[in-house]
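>>> Quick one, what's the 3D model for this:
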Amino acid sequence: MHEVSIAHALLETVLRHTRGRIIEIVLQVGELRMLNEDALTFAFNALAEGTRAEGAKLKLVRVPARLRCRRCGAEWSPREELDEEARVLAHFGSVSALALKLRCPRCGSTDFDIVRGLELDVVEIKAIED
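A predicted model of the protein is given here:
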């Protein structure tokens, strides 16, 4: 369960970069990132007990995947084409294996870059002074 290590890194980051009591953390999460929101929230809440982040709300904003063909330059969203296997391949950085599942809608090429969809970024931290 990699959500525990993500929650730990997230907690360390928000505590290091804020003062006061942390009440909300907004994360952008790419749709290709294999992240279970419930598991992340549970892990974060457990780790945050007794810290300034105890009780903070995690808000996840999903970022749709976007691919760019290296052959013709077309960009597209593979949302309809992505099954669970393809999401796992993308998550582990196996673009070549993912390419076997996806093709450019314009030229049919399997040679593409992932432009968006793997994000895991803290975009906002709300805190109040005690």
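>>> going forward, measure contacts and count neighbours with C-alpha atoms only.
Noted.
>>> Just give me the longest helix of this protein.
If you go by DSSP state H, the chain has its longest helix at helix 3-17.
>>> Past it, which element shows up next along the chain?
Next helix or strand after helix 3-17 toward the C-terminus (DSSP states H and E): strand 21-30.
>>> Who are the packing partners of that following strand?
strand 57-63, strand 120-128 (3 or more C-alpha pairs under 8 Å, 6 or more residues apart in numbering; DSSP states H and E).
>>> what element comes up after it heading to the C-terminus?
Next helix or strand after strand 21-30 toward the C-terminus (DSSP H and E): helix 37-48.
>>> May I see the buried residues of that following helix?
Across helix 37-48, burial judged by 16 or more other C-alpha atoms under 10 Å covers 40-41, 43-45, 47-48.
>>> what about it, distance to the chain center?
15 Å (C-alpha atoms, centre = their mean, to the nearest Å).
>>> can you check stretch 31-41 too?
For stretch 31-41, the distance to the chain centre is 7 Å (C-alpha atoms, centre = their mean).
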